[in-house]
Each structure stands twice: as structure tokens, then as C-alpha cells.
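Undergrad: Below is the sequence, then the predicted model.
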Amino acid sequence: MNPVTFTEFEAEALAQGFDAVLERRWEPGTVLETHTHPFDAKALVVRGEMWLTVGNDTRHLKAGDTFALDRDVPHAERYGGDGATYWVARRSA
């Protein structure tokens, strides 16, 4: 169970200077090869599981786990057999 609601996550992120907050849903087994984003991101996994790889470090993230990425940081993503959902706050340049 999530300790916060989407509304609470969004309010906190906006107060921290993020300018967009959204929910991302990923289908089971989705793989995103190494890529970057033109924004900073802070996220909370709310369903399923994923693996986030930055450099040589791979983190296995499940519901309740958080992650953050600075803009332009190369990373790869892989989603589990049940897919995954996370809430993400984005801050543009």
C-alpha cells in the first residue's frame, strides 16, 4: 500500500520546484534500452517491479521504492512480468 496518495505526491513535488507530475504505466516485460531525458525526475513505484540501470549499477525497484535521475543521465529500464506503475515528478531545464 502506498504511504501517500497521488495528490500528496504531486503537491510535495510541485512545492519542491518540479513542474509536471504524472503517472506512468508500463506493460509486462517492457524493455527501454539506454536513453536520456531532458528533465530531472523523482519517482515513486506504486505497482509492480522494475530494474533501473545507471552505468554499472542496477537497482531492483518494487512498490514503495523511490528513484531519482538528473537530466541527461544515460539509463535503461526493464519492467517485470506484471508491468509497473510509478508516479513521476519532472523538472525541466
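TA: Happy to help now that I have it.

Undergrad: By residue count, which strand of the chain is the longest?
TA: strand 75-92 (DSSP state E).

Undergrad: where does this protein dip in pLDDT?
TA: The model of the chain has pLDDT under 70 over residues 1-3.

Undergrad: Swap in 50 and give it another go.
TA: Regions of the chain meeting the criterion pLDDT under 50 are absent.

Undergrad: what residue is smack in the middle of it?
TA: With distances taken as CA atoms, centre = their mean, the chain has A43 as the residue nearest its mean C-alpha position (3.9 Å).

Undergrad: before we move on, the earlier item: partner strands of the longest strand of the chain and their direction?
TA: In the sheet, strand 75-92 lines up against strand 20-26 (antiparallel), strand 31-35 (antiparallel), strand 39-54 (antiparallel) (DSSP bridges).

Undergrad: Let's see it as CSV, backbone CA atoms only.
TA: The C-alpha coordinates for strand 75-92 follow below in CSV (Å, rounded to 0.1, in the frame of the first residue of the first chain):
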residue,chain,number,x,y,z
HIS,A,75,19.9,4.9,-18.1
ALA,A,76,18.0,1.7,-19.1
GLU,A,77,14.7,0.4,-17.7
ARG,A,78,13.2,-3.1,-17.6
TYR,A,79,9.7,-3.9,-16.3
GLY,A,80,8.6,-7.1,-14.5
GLY,A,81,6.1,-9.8,-15.5
ASP,A,82,3.2,-7.8,-14.2
GLY,A,83,4.4,-4.5,-15.6
ALA,A,84,4.8,-1.5,-13.3
THR,A,85,3.3,1.9,-12.5
TYR,A,86,5.1,4.8,-11.0
TRP,A,87,4.3,8.4,-10.2
VAL,A,88,7.0,10.8,-11.6
ALA,A,89,7.7,14.4,-11.0
ARG,A,90,9.7,16.2,-13.7
ARG,A,91,11.6,19.4,-13.6
SER,A,92,12.5,21.0,-17.0
